[in-house]
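Novice: Okay, predicted coordinates and the sequence, questions at the end:
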Amino acid sequence: QGNDPLLAVRDVSVVFGGIVALNGVSFDMRQGQILGLIGPNGAGKTTLFNCLSRLYQPSSGDILMEGKSILTRPPHRIAEIGIGRTFQNVALFPNLSVIDNVRVGAHARTSSDIVSDSLRLAWVRRGEADMNKKVHAILAYLDLEEVAHTVVSGLPFGTQKRVELARALAADPKILLLDEPAGGLNHEEVHVLGDLIRKIRDDRKITVLLVEHHMGLVMSIADHVVALNFGRKLAEGTPAQIQADPDVIKAYLGSK
Ligand code: ATP
């Protein structure tokens, strides 16, 4: 597909009652890119994230994945086309072990196209061994083997965030949507997280959309940054371009 974008956001607007949360936003995501989405409070980042993960339906515009609109897909079926996500506040099954949470992720990619129970059972049996191998490989990859059988709720917050990444990766996403992954992490943990996100992109060629308040993290790992303000795209470019952009500087200084 050469130069075609993996994901294209086309003139997306979202109106809640009278409030225009997003106003004609367009941008492309290229395969293998880490794209940072920034903006002051209320700029529309979460709204856009929720459109990409299909929790919100845009009032107008379109979102295309590999040239096809994703807007007809229900949220529980976006994993099948390769869109994975994490949540701002960790949303794991707190009473399940780490490995069981990752297993749930591994099953997310398949499922609902298989209509008959007997076919599904055959599929599950055939896939079980592969699935186990994959789950263990991901646990090893994210350094979670030691806690594989620990119940998630007993783990430190930073580790739970890593389990969330593991669960999302288990579904083999082409695009990983990360909702403020640095929230609640200390300086050292943010650094480790940044290295990990870059490693995931480098090793697995996964495209990453990073919605983040932590400017240091965005500017150090993103290839491309889109800045929103009052629901509109204010600027886009490399981290260096964005940091030097007078409109971006004004938006941030004005909001603090
Ligand atoms: P923050 O950095 O504070 O999370 P944000 O950039 O994610 O902000 P959004 O949460 O997307 O911004 O909000 C954009 C605008 O849309 C705000 O004016 C907000 O009040 C409004 N908004 C968001 N969600 C809803 C909703 N469900 N109903 C009504 N208004 C909403």
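Specialist: Perfect, thanks for sending it. Treat the numbers as computed from the prediction; the structure is a model and nothing was measured.

Novice: Span of stretch 92-105 from start to end?
Specialist: End-to-end span of stretch 92-105 (CA to CA, to the nearest Å): 10 Å.

Novice: May I see the buried residues of it?
Specialist: Residues of stretch 92-105 classed as buried: Leu92, Ser97, Val98, Ile99, Asp100, Asn101, Val102, Arg103, Gly105 (neighbour count, 16 or more other CB atoms under 10 Å). Glycine gets a C-beta too; all of them are placed from N, C-alpha and C.

Novice: Which of the residues you listed fall in helices?
Specialist: If you go by DSSP state H, the buried residues of stretch 92-105 have Val98, Ile99, Asp100, Asn101, Val102, Arg103, Gly105 in helices.

Novice: Quick one: check the one helix or strand Ser13 maps to for contact with the ligand.
Specialist: Ser13 belongs to strand 7-16 when assigned by DSSP states H and E. Yes - interface with the ligand: strand 7-16 contributes Phe16 (CB under 6 Å from any ligand atom).

Novice: neighbouring contacts of that strand?
Specialist: Residues outside strand 7-16 that contact it (CB atoms under 8 Å, 6 or more residues apart in numbering): 20-29, 44, 47-48, 51-52, 56, 58-65, 67, 175, 207, 231.

Novice: Note down every partner strand of it and its orientation.
Specialist: If you go by DSSP bridges, strand 7-16 pairs up with strand 19-29 (antiparallel), strand 60-65 (antiparallel).

Novice: Please identify the most buried of those.
Specialist: Counting by mean count of other CB atoms under 10 Å, strand 19-29 has the highest mean neighbour count of the strands paired with strand 7-16, with a mean of 18.

Novice: what comes up buried for stretch 38-53?
Specialist: Residues of stretch 38-53 classed as buried: 38-40, 43-53 (neighbour count, 16+ other CB under 10 Å).

Novice: ok, back up a step: Serialize the ones in helices among the buried residues of stretch 92-105 to JSON lines and add fields for pLDDT and distance to Ile221.
Specialist: JSON lines is the format used below for those (pLDDT from 0 to 100; distance: CB to CB, whole Å):
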{"residue": "Val98", "pLDDT": "94", "distance to Ile221": "25"}
{"residue": "Ile99", "pLDDT": "93", "distance to Ile221": "28"}
{"residue": "Asp100", "pLDDT": "90", "distance to Ile221": "30"}
{"residue": "Asn101", "pLDDT": "89", "distance to Ile221": "25"}
{"residue": "Val102", "pLDDT": "91", "distance to Ile221": "24"}
{"residue": "Arg103", "pLDDT": "88", "distance to Ile221": "29"}
{"residue": "Gly105", "pLDDT": "81", "distance to Ile221": "23"}
